[in-house]
Every structure is written in structure tokens, then in C-alpha cells.
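> Whatever this is, show me its structure:
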Amino acid sequence: MRFALFWAAIALAAQSYRMDPPRPGTVVSFQVVEDKYLSARKANGETFRVWHTGKRYILQEGTDTPVEYVDAVTRTPVLPSVARWLALWPRNGEYLGHRYIQTSEPAVAAPLPAKTRIVALRPDLWIGPAHNSRQKDETRRYDGSDYEYIPFTRADYQALRDAGATVVNAKGSQVAWAAELGMYYWGDAETLPFPEMLYRSQYLGPTIFVDEPAVGTRDHHLRPRLAKDAVFRREITPRLAFDRFVEHFAEVIEKGAPWILQRTLAKRADVDPGSLSLPQANLYSWETMVSTATHQLSAGSVQAIVWEPAGRVGSRRTIPEWNMAFEVAIPPGNPRHLIDPFAAFLRGAARAHGKQWGISIYGAVDRPDAPAMLTRAYDLGATRFHFWDSYQLACVPFGEVLALTRTLSRHAAAHPKRDLTQLRNAATTAFVVPVGFDLGHVHSGKGLQWGLPELNLERGRNRALFHHLFSEIESALRRKVAFDIVPDDVETTGYARVVRIEPRPAAQRKDGPRLSVEISRAGNTFTAVASVPDRVFNTRGANRSGVYENDEVFWELYGPAGEDYQTLIPRAPSRVSFDLTAPGAYRLRAAVCDLAGRVRVAWKDIIVEEAAR
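The predicted model follows:
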């Protein structure tokens, strides 16, 4: 009785509209009943209907079986996310960029369908690869060569779904496979039916991410200027780099990924966008420089920040580098000690804006660490998990994508009901860093802020700043204290303890491995040889044969100017050669890290009065 009365009552508020003349895919008439029901007809004769009762969300395209979208865990309705919901609903005779004239035709409110096809989605758990293709030969490429790629077949999408993937890229005939298998899908805005595509909760848009805006700032703005402006090389600071990032990021949001959908629709012959303004509303930023996360999540279109572990990241590589560069003693080999500091930036940003975060796995991530990185991030509250599956060593081969997806989905199945708000606010301690502070890019273990040699650790008091932060991180990891890392323009009143990170030089440790260095010269070539009687480990990642070699010593060269820096690559353990031709004062830094994470550092001064002839 109430059900019938509900529909009878809302029909009183119904209104009918029509439009003339349209393009084939444009809605020519529709009936709307409050915010509960929409029925529309397009110029090409196709129809669609939408029911949105608060407890259910149903879409019917033509005479197809109505599709009901629900959350796989909570069984609550899942609305489409590609655009703001209010932008998809008629208001005062305006609908998707056009104005309609009210007619005298009575509106007919259809009852809820008796039978629907249920599609269960995971809005809290996006898992999937970046592309819609796989490697023809999945053999790992350590030698710098690339793979040959072939498009996903239906069997590939089935394998992904069965492994636990929830989000896939699909184009052409692949779209039907992804939709049939009940996964989120993205891509192909050129051919999907408009506007029905906007009402499909499975469809995420033509893209789902903003691609590395901070790295783009460095590569397309900072590096070109540094290459030709000697004054800028001397004067650049992390804050100046950040200010340029803010400008670049604004351009990206105003003209980039959020507007791909709008531009694509404008090019379609069957769509007349009229005055439609439809920025995509469900994007995440796929970013290496996690210190920019707080600013990036301030953008309305960006709903999550996902860490891209650029370069050869691993608990046995990156953590020893942190120890040697920042003179701390974080125990190596524990993936938790690797992921938690990065997650601290991501979760702190998500907390500040009430949004989401996640991580991705690249081919160069140490393979033993990848499963634990995924499950640890899940336990900390991450909701986005993606795999980069193209380009040389950056590629995670398809079989490994399936294996990692299985590991994560099984872990999620064992812990299905997470309180994401509680997890987002779990940190009791905030480490507050200056705006512009950055862990770097592929040199995230070496302290090159913004991945620039000009912002090395000997500029200003950078090393002392990093030492203080990572000393606090070391203490928190050892005591298992949950912490966030936030810039100093973020409100921190919700944290029980707030530590403002300031330059704090490292004290000389008395324990740890032994190290001594001798330097010889032959013309312009200098050779440094280290004596390391204790067991130490330092690797740059897998070599071209896939072997993790132990370089033992981490070598750095500073000078002659403060902005001049090189990481020296040894040709043999504990031995490195390098050429110096410019006169001036240089400083060679050698550091070692033992298996417990303890470090020893040796400095050697080098004076080059005149290059040898």
C-alpha cells in the first residue's frame, strides 16, 4: 500500500519536457519525478530510465534487463561517479547543457522493476592494471628492452576478475566483457552511448588519473630553466619548486585530465553538448612526489592520491639509502618500514581533505616486498591499488599482476569491513614539515628534493632537516606509533602529538660498521678505495641480468659549487673512479650500512687547483 502510494504521490510532482531539433544522441524529451525517477528518449529513438530511491539505484537502457548497482560489502546503492550527481539530473527544465520546454503531457512514473540484474561493485577497493593489454612474452626485461603487447581477450578479463581485480581499462569490444564480468571499467568515451554512459555506475570515465603533476613540474618547468639559468641553479629552494608546482597543477586541473570527457563529447558527431560543463569528478592523482599530496587533494576533481614508487624501490635498497643519507638506523628488510613513511604523507593528506589514498606497484619494486606493501597499505586504509604494466623494467608482467591481485583480494576478503574514516584518522602523531619539503623522485633514498641535484642534502640545512624527520620516523616505527607527515599549512589539532620538523644535525654514532677511505689521482681521474671490514649492504637494484649486486659503499660527490652534486656509480664493490676537470673544492662522501641498519660515514676533501693536461 505504501509502495503504491509512494509512486502515486510523487507522480503529482512530475513534469514533462521536450527539445527540438537535436543530434542523434541528444535527449529530446524526458519525464522526471522529483529526484527519484528519470525517463528519457533520444533523437535516434533510444530510451533509458533511472530509478534512484535512496535505497536502490537502477538503470535500464532500452528494453534491456534493468541493472541494479550495489556495494558488494554493504549492499547499499552505488551511484555513478564520473560526474557530480547533481549535474546528471534535470533542474528547472535544464538538462545536460540544454533547456527544455515544459509540455502538457502527463508524466508517467514507472514502478520499480520486479527483476533486475545485480552488479556488485567495490567503491572502497579499486584493484587493477593500467592498460588493456598484456605482454606477449612475460619474461622480465632487465636489459632495457621493451615488451611486445597484445590486447586483452575476454579470457584475460575473466582471469583478472577471478583473481580479484575490480577496475580495468577497456576499449571497443572489451567494454562488453568488462561490463558483463561486473567490473568497473574506464576508457572509450568516443563510442559509448551518450548520455547513458554517465549513468552506468561501472563506467569511470575516459581516464581515471592525473598523471604525475609534480614530476611534470620538475621535467617541463624546473629542469629546462636550471639548464640555462645559472642564477636559478644557485637560488632554487624547495619552496620555489613547490610554488612552480602549484602553478602547473592549476593548469592541469583547469585544462587537463578533468576535461578529457568534455572535450571528447564535443568531438562526437552524435552529441550536442550545448552549454554542458562536465568536469570528471572521480579522478585520482598517480604521483611519485607524495609530499604534494595535500595540495593535490584540495582540487575538487581529485578524489584520491596514489603513490607511484618510481625507480628501483625496496626495503633492502631504499631503507639502507635513507640510513646512509640521513644518518639514522631504520632496520632494513621490513616492507612495513618502507611503506609507512610514504603512507604517512598520503594518509595525512587524505585526512586533511576527507578523501582517499592508495599505492601502485611497478616492475622495478623489489618483488619480495610487493605483496606485503599491498596488504600493509590495505590495513592502513588505502582504497586504490594499481599495477603499471608497460615500458621495460617499469612493467609488472600480467602473470605477476594476477598473483599480486590474488594476494591482496584474499587479504581483503579476510578483512572485508574496514572503517575507512577511522583508519584515515588513526595517526596519533603528526610530523610537520615545511611546505615544499620533498622526498624526491627516483632518488627518494638520497635526499635530492624534487629529484634535483641542485637541491642536494648539503644545500642549506637540508641534511639536518631530513635527519630530524627520519629520526622521528625511526622512533615511531620501532615503537609502532601511527604517524602522518603533513606540511606546515595544514591544521593539526586532531593529533595527540605534533612534532615540528626543524634542522637537527646528526650526532656521531659510536656503533656500526667500520669504514676508511683512501684517494689516489692519475691526471684528471680520481680513484677512491674504501676499506670495509664488516658486513654491509648497498644495492642500486637488479642489474641487467636481474642480479642484485652489493656495491657496499654509497658514494656521493659535492662541489665545487653548492648546487653541484653527483651520485657516483662504482664499477666494483668499495671502489669508484671519477673525473674532475673544473677547479675548486670538492667533498667526497662515502657511507656504509650494516644489516642492522647502522651506518658509518667518511668525508674526504679534494682540491682541484688546475685540471691536469
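
> Check the protein and tell me which residue is nearest its centre.
Closest residue to the average C-alpha location of the chain: V306 at 2.1 Å, with Cα atoms, centre = their mean.

> List the beta-bridge partners for that one.
Going by DSSP bridges, V306 is paired in beta bridges with W286, G358.

> who touches it in this structure?
Listed by Cβ atoms under 8 Å, 6 or more residues apart in numbering, the contact partners of V306 are 209, 284-287, 357-360, 384, 386. C-beta: built from backbone N, CA, C; applies to glycine.

> Now with 7 Å, please.
284-287, 358-360, 384, 386 (Cβ atoms under 7 Å, 6 or more residues apart in numbering).

> how close does it sit to E287?
7 Å (Cβ to Cβ, to the nearest Å).

> possible to save the contacts of V306 as JSON lines with neighbour count?
JSON lines is the format used below for the contacts of V306 (neighbours: other Cβ atoms under 10 Å):
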{"residue": "Y284", "neighbour count": "25"}
{"residue": "S285", "neighbour count": "28"}
{"residue": "W286", "neighbour count": "23"}
{"residue": "E287", "neighbour count": "27"}
{"residue": "G358", "neighbour count": "25"}
{"residue": "I359", "neighbour count": "26"}
{"residue": "S360", "neighbour count": "23"}
{"residue": "R384", "neighbour count": "26"}
{"residue": "H386", "neighbour count": "24"}
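
> Put together a markdown table for those, with pLDDT and distance to D551 on each row.
Shown next, in a markdown table, are the contacts of V306 (pLDDT from 0 to 100; distance: Cβ to Cβ, whole Å):
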| residue | pLDDT | distance to D551 |
| --- | --- | --- |
| Y284 | 97 | 36 |
| S285 | 98 | 34 |
| W286 | 97 | 30 |
| E287 | 96 | 29 |
| G358 | 98 | 32 |
| I359 | 98 | 27 |
| S360 | 98 | 27 |
| R384 | 98 | 34 |
| H386 | 98 | 31 |
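
> T383 against Q356, yeah?
Yes: using Cβ atoms under 7 Å, T383 is in contact with Q356, at 4.6 Å.

> Out of the contacts of V306, the closest to W450 would be?
Closest approach to W450 among these (Cβ to Cβ): E287, at 12.6 Å.

> Tabulate the contacts of V306 in CSV, adding columns for distance to F554.
Output for the contacts of V306, formatted as CSV (distance: Cβ to Cβ, whole Å):
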residue, distance to F554
Y284, 34
S285, 31
W286, 29
E287, 26
G358, 31
I359, 26
S360, 27
R384, 33
H386, 31
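
> which among those gets closest to V536?
I359 (29.2 Å).

> contacting residues for that closest one?
306-307, 373, 377, 382, 385.

> Go again with 8 Å.
Residues in contact with I359 (Cβ under 8 Å, 6+ apart) are 306-307, 309, 339, 342-343, 346, 373-374, 377, 382, 384-385.

> Report the outermost residue of the protein with respect to its centre.
Most peripheral residue of the chain (Cα atoms, centre = their mean): S104, 51.3 Å.

> what separates that one from L404, distance-wise?
From S104 over to L404 (counting by Cβ to Cβ), the distance is 60 Å.

> now swap in E105 and tell me
55 Å.

> So those two - more neighbours on which side?
Shown here are E105 and L404; by other Cβ atoms under 10 Å, L404 has more neighbours (23 against 12).

> ok so the more buried one is a helix residue?
Yes: counting by DSSP: H, G, I helix; E, B strand; the rest coil, one finds L404 located in a helix.

> That one is in contact with A372, isn't it?
No: applying Cβ atoms under 8 Å, one finds L404 not in contact with A372, separated by 10.8 Å.

> could you list every residue that touches A40?
Taking Cβ under 8 Å, 6+ apart as the criterion, A40 is in contact with 27, 29-31, 47-49, 195.

> could you redo the last one with a cut-off of 10 Å?
Neighbour list for A40: 17, 27-32, 46-50, 90, 95-96, 195-196, 199 [criterion: Cβ atoms under 10 Å, 6 or more residues apart in numbering].

> Of the residues you listed, select the buried ones using a PyMOL command.
Of those, the buried ones can be selected in PyMOL as follows, counting by 16 or more other Cβ atoms under 10 Å:
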select buried, resi 17+27+28+29+30+31+32+47+48+49+50+90+95+96+195+196+199
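
> Let's see which of the contacts of A40 end up in helices.
Assigned to helices by DSSP state H, the following of those qualify: 196, 199.

> circling back to that earlier point, Q392: which of the contacts of V306 is nearest?
S360 (16.3 Å).

> so the closest residue to the closest one other than its chain neighbours is in which element?
Leaving aside its sequence neighbours, S360 sits nearest to H386 (Cβ to Cβ, 6 or more residues apart in numbering; 4.4 Å). Element membership of H386, judged by DSSP states H and E, is strand 384-387.

> measure the closest residue to P487 other than its chain neighbours to D340 for me?
Nearest residue to P487 in three dimensions, chain neighbours excluded: V435, at 4.6 Å (Cβ to Cβ, 6+ apart). V435 sits 22 Å away from D340, going by Cβ to Cβ.

> swap in L88?
39 Å.

> Which residue ranges of the stretch 151-300 of the chain form strands?
Taking DSSP state E, counting those that start in this stretch as the test, the strands found in the stretch 151-300 of the chain are 167-169, 184-186, 209-211, 283-287.

> Can I get these in JSON lines including distance to E472?
Shown next, in JSON lines, are these (distance: least, Cβ to Cβ, whole Å):
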{"stretch": "strand 167-169", "distance to E472": "35"}
{"stretch": "strand 184-186", "distance to E472": "38"}
{"stretch": "strand 209-211", "distance to E472": "30"}
{"stretch": "strand 283-287", "distance to E472": "23"}
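
> just to revisit the earlier point, among V435 and D340, which residue is more densely surrounded?
Taking neighbours as other Cβ under 10 Å, V435 and D340 compare with D340 leading, 21 against 16.

> For the more buried one, which non-adjacent residue is spatially closest?
L477 (6.4 Å).
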